[in-house]
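Colleague: my questions concern the predicted model and sequence given below.
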Amino acid sequence: MKGLLPLAVLAIAVLSPTQALAAEIHELPGAAMSLWWGLPFAGLLLSIATGPLLFPHLWEHHYGKIAAAWAALAVLPLAVAFGLASAGEAVLHTLLTEYMSFIILLFALYTISGGILLAGNIHGTPLTNAGLLLVGALLASVIGTTGASMILIRPMLRANDNRPFNAHVVIFFIFLVSNIGGSLTPLGDPPLFVGFLRGVDFFWTTANLWRETLFTGGLVLIVFLALDILLHRREGGMPKIKDPTPDTKVRLRGLANLPLLAGVIGAILLSASWKPGVGISILGVSLELQNLVRDAIILALAFLSLKVSYKSHRQANGFTWGPIAEVAKLFAGIFVCIVPVIAILRAGHDGALAPLVTLVTSADGQPNNLAYFWLTGALSSFLDNAPTYLVFFELAGGDARHLMTEAASTLAAISAGAVFMGANTYIGNAPNFMVFAIARHRGFKMPSFFGYMVWSGAVLIPTFLIAGFLFFR
């Protein structure tokens, strides 16, 4: 009976509906915080960047502990400086309202898509690769960048696993499928879904970002095709590598998972349209009922996928829990460590990052759309792009009606920056790191954190410079 008491208390806390938070809300005083509070976040990023390169064995076995240590270095000073209540509320709010939904969705998409097998294999010629990238980019706005990435990354790896030069294929896959392709609907990428929840019409992004997406994605695809043709020709004079996955007829298996993917999309749409106005308090953090229902449905669909999928399909996909476990642990640390950074950003002109904030306003008081594009994008490259989008959404006024009409170009700049520039680093968007982890587990020699940034700097930054000049100046 004693063992049931804590469960009963927790059940009462979870199941007691409230219309608003009963507990006092404690917020971190971002205006009083210096940039030193960002050191744990910078340290975690540096660990992710250098760990696999400088101490790979230690990193492979202890990356979770390293992330937890940086998170502790972020939380404990907050508790000492601002009190346990403020620090605890801020961290718990982030974990319960952002991280949990974030990782549940990723877990479900990873699990369900892992049961869908594009059986057989095709040869990774430049045209074939370009076709797969195009299909993946289009699919990303329908089932999300994570869903599209998880379904297509393994066929892409199999198609190119006998090529001496193949890391670039994965890099451009991250550019196009895991990021740029998800810019046309709120289902495509979390920042756009945040905007949808804030009142932005579902098809607003489709109508207002298709030109930017077509130009940016098309230019990146052309660069890939030219590079892949060049490397493919170089490979012609090199010793042949035995293909570990010979070409065979392509067939789609695991069709029972397709309605489960549709169910995930339906659950997301349900949470956006159904507003019962009921909050549920957990340790002082208010969680909206529709979001809890959404997450419960998504989790149920993920576990149902494990039941209805053939193990042989998952084995053929090379499905393991390693990549999602790595993402879950590292992003838990990231979400905790960015708490003080986001607090400083939310302080706006009164915070330590005020010089950056002032850049988004022109001398005449009008929004500087080019600055919105680049600042949202630059921060989305290293911070989680959903809260970064929200910060600049609020800086632009926070009124969805105004932003969709008179300030449509500003909202387009914020949206494009958050989605497109998530491709600049491995941690700019969750699918990036998952694709990286899967490719590395399959034996692809992927570049390091900084090595990847050399690629993004050479390909994406010039593309974004041109796109910014054309659409946002």
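Modeller: Structure received.

Colleague: chain center to the lengthiest helix in the chain: distance?
Modeller: In the chain, taking DSSP state H as the definition, the longest helix is helix 126-160. Helix 126-160 sits 16 Å away from the centroid of its parent chain (CA atoms, centre = their mean, to the nearest Å).

Colleague: what's in contact with the helix or strand following that helix?
Modeller: Using DSSP states H and E, the helix or strand that follows helix 126-160 towards the C-terminus is helix 167-176. Residues outside helix 167-176 that contact it (CB atoms under 8 Å, 6 or more residues apart in numbering) are 124, 129, 133-134, 136-137, 149, 152-153, 156-157, 160, 163, 217, 220-221, 224, 227-228, 231, 423, 431-432, 435-436, 439, 444-447, 452, 455-456, 459-460. Yep, even glycine has a C-beta here, placed from its N, CA and C like the rest.

Colleague: tell me the angle of helix 167-176 relative to helix 126-160?
Modeller: 110 degrees (axes from the mean of the first three to the mean of the last three CA atoms, to 10 degrees).

Colleague: quick one: mean pLDDT over helix 167-176.
Modeller: Helix 167-176 shows a mean pLDDT of 95.

Colleague: okay, now residue 440: neighbour count?
Modeller: Using other CB atoms under 10 Å, residue 440 has 16 neighbouring residues.

Colleague: what's the following helix or strand after the helix or strand harbouring it?
Modeller: Assigned by DSSP H and E, residue 440 falls within helix 430-441. The helix or strand immediately downstream of helix 430-441 is helix 449-471, counting by DSSP H and E.

Colleague: thinking again about what came up before, in the helix holding residue 440, what's buried?
Modeller: 430-440 (16 or more other CB atoms under 10 Å).

Colleague: could I get these as CSV with pLDDT and distance to residue 71?
Modeller: Below are the buried residues of helix 430-441 laid out as CSV (pLDDT from 0 to 100; distance: CB to CB, whole Å):
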residue, pLDDT, distance to residue 71
430, 76, 17
431, 86, 22
432, 90, 21
433, 84, 17
434, 83, 20
435, 91, 24
436, 90, 21
437, 85, 20
438, 87, 25
439, 90, 27
440, 87, 24
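
Colleague: quick check, nearest of those to residue 54?
Modeller: Using CB to CB, residue 440 comes nearest to residue 54 of these, at 16.0 Å.

Colleague: what helix or strand is residue 331 on?
Modeller: Using DSSP H and E, residue 331 sits in helix 322-337.

Colleague: if you drop the residues flanking it in sequence, what lies closest to residue 103?
Modeller: Ranked by CB to CB, 6 or more residues apart in numbering and with sequence neighbours excluded, the top spatial neighbour of residue 103 is residue 328, at 5.3 Å.

Colleague: how close does the one you found sit to residue 99?
Modeller: As judged by CB to CB, to the nearest Å, residue 328 and residue 99 stand 9 Å apart.

Colleague: repeat that for residue 72.
Modeller: According to CB to CB, residue 72 and residue 99 sit 16 Å apart.

Colleague: out of the two, which sits in the busier spot?
Modeller: Using other CB under 10 Å, the more surrounded residue of residue 72 and residue 99 is residue 99, with 19 against 14.

Colleague: how about the more buried one: what's its closest non-neighbour residue?
Modeller: residue 335 (4.3 Å).

Colleague: which residues touch that neighbour?
Modeller: By CB under 8 Å, 6+ apart, the contact set of residue 335 is 94-95, 98-99, 102, 384.

Colleague: switch to 10 Å and redo it
Modeller: 71, 91, 94-95, 98-100, 102-103, 342, 384, 387 (CB atoms under 10 Å, 6 or more residues apart in numbering).

Colleague: quick one: which of the residues you listed sit in helices?
Modeller: Among the contacts of residue 335, the members found in helices (DSSP H) are 71, 91, 94, 100, 102-103, 342, 387.

Colleague: which one of those residues is nearest residue 369?
Modeller: Out of the ones in helices among the contacts of residue 335, the member with the shortest distance to residue 369 (by CB to CB) is residue 387, at 20.8 Å.

Colleague: correct me if wrong: residue 272 contacts residue 294.
Modeller: Yes. Here residue 272 reaches residue 294: they are 8.8 Å apart, a contact under CB atoms under 10 Å.

Colleague: the more surrounded of those two?
Modeller: residue 294 (23 against 16).

Colleague: verify the stated contact: that one with residue 193.
Modeller: No. Residue 294 is not in contact with residue 193 according to CB under 10 Å; the separation is 11.2 Å.

Colleague: identify the contacts common to those two.
Modeller: In contact with both residue 294 and residue 193: 105, 268, 271-272, using CB under 10 Å, 6+ apart.

Colleague: Throw those into a markdown table and include distance to residue 369, thanks.
Modeller: Below are those laid out as a markdown table (distance: CB to CB, whole Å):
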| residue | distance to residue 369 |
| --- | --- |
| 105 | 30 |
| 268 | 29 |
| 271 | 31 |
| 272 | 27 |
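
Colleague: of these, which is the most crowded?
Modeller: Top of the shared contacts of residue 294 and residue 193 by neighbour count (other CB under 10 Å): residue 105, with 24 neighbours.

Colleague: please name the nearest non-neighbouring residue to it.
Modeller: Spatially, and ignoring its direct neighbours in sequence, residue 105 is nearest to residue 298 (6.1 Å; CB to CB, 6+ apart).

Colleague: what about the one you found, is that helix, strand or coil?
Modeller: helix (DSSP: H, G, I helix; E, B strand; the rest coil).

Colleague: in this structure it contacts residue 110, no?
Modeller: No. Here residue 298 does not reach residue 110: they are 11.7 Å apart, not a contact under CB under 10 Å.

Colleague: quick check: phi and psi at the closest residue to residue 154 other than its chain neighbours.
Modeller: Excluding the flanking residues, the one nearest residue 154 by CB to CB, 6+ apart is residue 317, at 5.1 Å. When read as degrees, to the nearest 10, the backbone of residue 317 gives phi -80, psi -10.
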